[in-house]
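[1] I need the structure of the sequence given here:
(one chain, ligands or ions: 1)
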Amino acid sequence: MKRARIISTGRYVPEKIVTNDEMTRLVPTSNEWIRERTGILQRHFVDREIGVSDLGYEAAKIALQRAALKPSDIDFIIFATLSPDYMFPGSGCPLQALLGVPGIGALDVRTQCTGFVYGLAVANAFIAAGQYKRILLVGAEVHSTGLEFTERGRHIAVLFGDGAGAAVIEASENGRGVLSTHLHADGRHVKDLWAENPGSRRIPRMYPGILEDGSCYPQMNGREVFKHAVTKFPEVIMEALKANDLSLDDVKLVIPHQANLRISEAVTQRLGLPPEKVFNNIQRYGNTTAASIPIALDEALEMGKIQEGDLVVLASFGSGFTWASAAIRW
Ligand code: UT7
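    Presented below is the predicted three-dimensional model:
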């Protein structure tokens with residue numbers, strides 16, 4: 001049986017670091033408020049007009065180089081983002097142009113925080129079906145250009161950061177790779193974490209006042225997100241383990257989407273996992289949405305936290321609501 005195996009990863013974040021103290025110059029907030037409620041100490045923001053495809057390209061180059069591959073060795077591109085370069089086309093197309101591989105398919109995944117796990121599930125299905133042998137999966141976000149730096153937007157503006165992560169995925173037949181993926185959504189919660197406009201259901205789509213009414217900025221019912229996240233994360237992690245007849249004792253590392261350190265801590269506690277089994281780096285990056293898992297995975301690999309044969313569980317929850325997990329035999 002063919003499985004998708006991540007053979008290499010890469011990450012890229014823009015150089016500019018915005019500390020919590022620097023954030024106090026952008027919105028009325030404090031280092032203490034941000035640190036205590038989210039665990040975030042700093043995030044990276046772009047400092048010029050640069051797209052998610054550019055960030056994704058930098059991460060992809062590193063992943064390809066580590067796998068000793070050229071862009072032409074890739075059969076297909078999957079790009080996960082909620083902040084695409086353009087309204088359309090999706091960011092997989094400009095990334096493909098940057099890589100210089102015209103002709104191969106490029107698919108954007110629009111499931112926000114769960115984009116990387118959904119993308120991995122798509123890659124795994126293509127590979128299991130024999131349609132592609134080698135897929136480039138990228139998760140990237142430029143949030144900073146679309147946040148509302150006012151008192152109204154401060155509870156969201158302090159959370160998010162820019163960045164990209166990439167994975168080269170190959171067909172494997174030796175049992176290593178993705179064991180299973182588990183994808184969920186509950187569209188009743190669309191309005192709990194969303195950016196309403198410009199949306200195609202409004203006539204006309206663009207209108208004067210779109211900035212003033214705030215509907216072009218992300219809106220979040222933070223408490224509702226928190227409440228569901230701390231239930232769905234443990235549920236979907238256990239679902240992945242049960243599907244493979246495994247238990248928490250078998251897990252080497254859980255890599256959760258980096259939504260909020262308090263969410264990760266609550267999930268760790270609910271599962272009764274030792275803290276060293278749950279990877280956290282939101283302190284340095286903020287919430288980078290579709291990029292958070294591949295950035296974390298890349299760091300965990302670099303730190304030697306994952307070795308061949310280890311069981312790794314990726315898990316995510318976010319806008320949609322969507323939630324998802326993947327069990328991986330490394
Ligand atoms: O991938 C999913 C992304 N989202 C998440 O993971 C977020 C999940 N939610 C959360 O983590 C929390 O809801 C937040 C950390 C975002 C916010 O915490 P909260 O306790 O739900 O805060 P709140 O929005 O209810 O605001 C509490 C207080 C308010 O003041 P009053 O009314 O109590 O006087 C806000 O005005 O905190 C104030 N506040 C701030 N103060 C300083 C809100 N944002 C800020 C801020 N700095 N940035």
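[2] At the contact with the ligand, which residues of this structure appear?
    29, 33, 37-38, 113, 154-155, 158, 220, 222-223, 225-226, 259-260, 263, 287, 318 (Cβ under 6 Å from any ligand atom). No exception for glycine: its C-beta is placed from N, CA and C like everyone else's.
[3] Where do the helices of the stretch 1-150 of the chain begin and end?
    For the stretch 1-150 of the chain, the helices defined by DSSP state H, counting those that start in this stretch occupy 20-23, 31-38, 52-66, 92-99, 115-128.
[4] Count the residues that sit near the residue of the stretch 1-150 of the chain found nearest the ligand.
    Using Cβ to the nearest ligand atom, the single residue of the stretch 1-150 of the chain nearest to the ligand is residue 29, 3.3 Å away. Residue 29 is flanked by 18 other residues according to other Cβ atoms under 10 Å.
[5] Could you do the one 3 residues further on as well?
    The burial count assigned to residue 32 is 9, neighbours taken as other Cβ under 10 Å.
[6] how much space between it and residue 40?
    Counting by Cβ to Cβ, to the nearest Å, the gap from residue 32 to residue 40 is 12 Å.
[7] Buried ones in stretch 65-85, by neighbour count?
    Within stretch 65-85, the residues that count as buried by 16 or more other Cβ atoms under 10 Å are 67, 69, 71, 74-85.
[8] Alpha carbons only: can I get it in PDB?
    The C-alpha trace of stretch 65-85 is given here as PDB (Å, rounded to 0.1, in the frame of the first residue of the first chain):
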ATOM      1  CA  GLN A  65      17.300  21.400  -1.300                       C
ATOM      2  CA  ARG A  66      17.200  19.200   1.800                       C
ATOM      3  CA  ALA A  67      15.700  16.400  -0.300                       C
ATOM      4  CA  ALA A  68      18.300  17.000  -3.000                       C
ATOM      5  CA  LEU A  69      15.500  17.600  -5.500                       C
ATOM      6  CA  LYS A  70      14.900  20.100  -8.200                       C
ATOM      7  CA  PRO A  71      11.500  21.800  -8.800                       C
ATOM      8  CA  SER A  72      11.100  19.700 -11.900                       C
ATOM      9  CA  ASP A  73      11.100  16.600  -9.700                       C
ATOM     10  CA  ILE A  74       7.700  17.700  -8.300                       C
ATOM     11  CA  ASP A  75       4.500  16.300  -9.900                       C
ATOM     12  CA  PHE A  76       1.900  18.500  -8.100                       C
ATOM     13  CA  ILE A  77       1.600  21.500  -5.800                       C
ATOM     14  CA  ILE A  78      -0.800  22.000  -2.900                       C
ATOM     15  CA  PHE A  79      -1.000  25.400  -1.300                       C
ATOM     16  CA  ALA A  80      -2.800  26.000   1.900                       C
ATOM     17  CA  THR A  81      -3.600  29.600   2.900                       C
ATOM     18  CA  LEU A  82      -6.400  32.000   4.000                       C
ATOM     19  CA  SER A  83      -4.400  35.000   2.800                       C
ATOM     20  CA  PRO A  84      -3.700  34.400  -0.900                       C
ATOM     21  CA  ASP A  85      -1.700  36.800  -2.900                       C
END
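[9] Thank you kindly, that will do.
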